[in-house]
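Enquirer: whatever this is, show me its structure:
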Amino acid sequence: MGLFSIFSGKKQKEDFDKGLEKTKQSVFNKLSKVVVGKSKVDDEVLDELEEALVTSDVGVDTTLKIIDRIEARVAKDKYLGASELNALLKEEIVALLEENNTTDGEDFELPEGKKPYVIMVVGVNGVGKTTTIGKLAYNFKKVGKSVLLGAADTFRAAAVDQLIIWSERVGVPIINQGMGADPASVAYDTLKSAVAKESDVVIIDTAGRLHNKVNLMNELSKVNRVMQKVIPDAPHEILLVLDASTGQNAIEQARQFIAATDVNAIALTKLDGTAKGGVVIGISDQFKIPVKYIGVGEKMEDLQIFSRKSFVNSLFS
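Expert: Prediction:
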């Protein structure tokens, strides 16, 4: 590993820790109150732990699963001091994230044999979808990949304009037909162009509407079918962007989009501005879809590959 890589990795970890500071303070303060003055893990401690996790936006179902696991460990070990609870909780959360195929800090690399690698990005307006696309493009370009953007969110003029600004800022080409164009047509032209240019990765923006799930499903299905005329197995990744600061609302948005399309990766934005980072655990557990990227700041470098170990270590450090 070169010297630059060492410094880059250290800076990335610092940004990651700083981005999770509000969540860490909230969760850690609640957990500290659970064990203060307690000598062992008993029913009272577990009840207080349950409340701490639920109010940290982990979610009721996931919290109960974690509590059940800890109860089983306590019963097996017969006696467990309250001082050991943090370590035990940390182990169980890491295990839960691992079971749900959550990534562990891989770089912005692409699978072999998928060129261009096609990412279709979905999510409601206002969650940071366009910004996430711009940051993704930046990070892929940074590791030497050629990127092409497709402005298929044609229902809002601002969406097309914002993506054009990001393409110029990052220095990657974009295919757009303006507001009101057929999204499927934009996606088709983008993939045709990507094949001709031999692009490494294509990122397609889509409309962020949830008021009519039938229309949303039909629209996304049409975009998929049209893309498959160019690349039969496209899209390779359907990335759902969620705003972590909305807590349980993010889980409801995830539920609706997953019902409408085959989401296979999740990006959680705005973690740096919220104490609700526990939602990462709940989303991963409830939907069995990996949280792949997290946003921990405004800079282009602040979209990071999610690492379950780094996430849990940061919460409990």
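Enquirer: tell me how far the helix or strand hosting residue 69 is from the chain's mean position?
Expert: For residue 69, the host element (DSSP states H and E) is helix 60-77. With Cα atoms, centre = their mean, to the nearest Å as the basis, helix 60-77 stands 26 Å off its chain's centre.
Enquirer: for stretch 261-280, same thing?
Expert: Distance, stretch centre to chain centre, for stretch 261-280: 5 Å (Cα atoms, centre = their mean).
Enquirer: give the buried residues for it.
Expert: 261, 263-280 (16 or more other Cβ atoms under 10 Å). Any C-beta I mention is one placed from the backbone N, CA and C, and that applies to glycine too.
Enquirer: so which residue is smack in the middle of the chain?
Expert: Most central in the chain under Cα atoms, centre = their mean is residue 267, positioned 2.1 Å from the mean C-alpha point.
Enquirer: need the three-state assignment for the residue nearest to that one when sequence neighbours are not counted.
Expert: Leaving aside its chain neighbours, residue 267 sits nearest to residue 293 (4.0 Å; criterion: Cβ to Cβ, 6 or more residues apart in numbering). Of the three states, residue 293 takes strand according to DSSP: H, G, I helix; E, B strand; the rest coil.
Enquirer: the closest residue to residue 63 other than its chain neighbours and residue 194, how far apart?
Expert: Ranked by Cβ to Cβ, 6+ apart and with sequence neighbours excluded, the top spatial neighbour of residue 63 is residue 53, at 4.2 Å. In this view, residue 53 and residue 194 are 44 Å apart by Cβ to Cβ, to the nearest Å.
Enquirer: what does residue 264 give?
Expert: For residue 264, the distance to residue 194 - Cβ to Cβ - is 20 Å.
Enquirer: and for residue 31?
Expert: For residue 31, the distance to residue 194 - Cβ to Cβ - is 47 Å.
Enquirer: how about the residue nearest to residue 63, what does it touch?
Expert: Counting by Cβ atoms under 8 Å, 6 or more residues apart in numbering, residue 53 touches 62-63, 66-67, 278.
Enquirer: ok, and the closest non-adjacent residue to residue 172?
Expert: Nearest to residue 172 is residue 147, by Cβ to Cβ, 6+ apart, at 4.3 Å.
Enquirer: right, I'll call it a day here.
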